[in-house]
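>>> With the input below, show me the fold.
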Amino acid sequence: MARQERAIRTQLSILKAAAEVFDSHGYEAATIGEILRRAGVTKGALYFHFPSKQALAEGVLEQQFSVIRVPPGPCRLQEFVDTGLIVAYRMRRDPLVSAVARLSLEQELRAEYGSSAIRQWIGASEVLLGAAKEQGELLPHVVPAESAWLFSAAWTGTQLYSQILLGREDLEERVVALFRHLLPSIAVPAVLSSLEITAERAARLGSASDALLEGPGEQADSPQEERTQQAAAAATA
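The predicted structure is shown next:
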């Protein structure tokens, strides 16, 4: 058991180091040597877990849902909002999250992995919005699959603009503005008025997510996390 735990810690430290390098330099310019230096492991240890740079990139992309912890909300639409807020918070603080955004748009990886990462987020959004529709939280005309696509595309554009213009310094505020502009087109008024869509909520939930992730693998998934992971799996099936 101790050996297995050490292997998991080593693997995670390598992935975090790889994410930092990919996020800073991009996939093509990233080097195994720089990843080794940041991870503080031997070349043999790295290649035991990841036989190539491409395998490292794939490993980072696979972490995109495991590093996002979203607590159950008072309604499904609040959980949908909270997911976007927490991702925005963690994208500015966790290279495992920000590297996924960069890698999914890298030309060298986009054909094989980028579309899969995007489909997973659309699928996860569709599950949450579908549950919201079943609970009567969405307007009658709303089609969850269409809204999931549009919200995911708008969120991606928002984070790209924030990254290019201000290095994501205003990302939480921009995501809040995004939700406030778009949610009135899909939410019933009573639910819309009950939603908490603030940068303060993003910080509060993001900090709680940080605490949960201090012990990776030890926390049980919440029902919302299970729905998100099931949607991600279905999107790539």
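
>>> The longest helix belonging to the chain: what's the following helix or strand?
With DSSP state H setting the assignment, residue counts place helix 2-29 as the longest helix in the chain. As assigned by DSSP states H and E, the chain's next helix or strand after helix 2-29 is helix 32-39.

>>> Quick one: list the elements packing against that following helix.
Judged by 3 or more CB pairs under 8 Å, 6 or more residues apart in numbering; DSSP states H and E, the packing partners of helix 32-39 are helix 2-29, helix 43-49. Yep, even glycine has a C-beta here, placed from its N, CA and C like the rest.

>>> what's the weakest-modelled helix or strand in this structure?
In the chain, the helix or strand scored least confidently by mean pLDDT, DSSP states H and E is helix 223-235, which has a mean of 48.

>>> right, and the helices and strands packed on helix 32-39 - which one's nearest Arg37?
Of all these, helix 2-29 sits nearest to Arg37, with 8.1 Å by CB to CB.

>>> got the buried residues for that closest one?
Of the residues in helix 2-29, 10-12, 14-23, 26-27 count as buried by neighbour count, 16 or more other CB atoms under 10 Å.

>>> and the angle from it to helix 32-39?
Interaxial angle of helix 2-29 relative to helix 32-39 (axes from the mean of the first three to the mean of the last three CA atoms, to 10 degrees): 140 degrees.

>>> Return the host helix or strand of Asp210 as CSV; C-alpha atoms alone will do.
Using DSSP H and E, Asp210 sits in helix 199-212. Taking only C-alpha atoms (Å, rounded to 0.1, in the frame of the first residue of the first chain), the coordinates of helix 199-212 have been written out as CSV:
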residue,chain,number,x,y,z
ALA,A,199,-16.9,36.4,-7.8
GLU,A,200,-17.1,36.0,-4.1
ARG,A,201,-18.9,32.7,-4.5
ALA,A,202,-16.2,31.6,-7.0
ALA,A,203,-13.5,32.4,-4.4
ARG,A,204,-15.5,30.7,-1.6
LEU,A,205,-16.2,27.5,-3.5
GLY,A,206,-12.7,27.5,-5.1
SER,A,207,-11.0,27.7,-1.7
ALA,A,208,-13.2,24.8,-0.5
SER,A,209,-12.2,22.8,-3.6
ASP,A,210,-8.6,23.5,-2.8
ALA,A,211,-9.1,22.0,0.7
LEU,A,212,-10.8,18.9,-0.7
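
>>> Closest to Glu34 out of the buried residues of helix 2-29?
Ranked by distance to Glu34 (CB to CB), these are led by Val21 at 5.1 Å.

>>> Verify the stated contact: that closest one with Ala30.
Yes: with contact taken as CB atoms under 8 Å, Val21 and Ala30 are classed as touching, separated by 4.6 Å.
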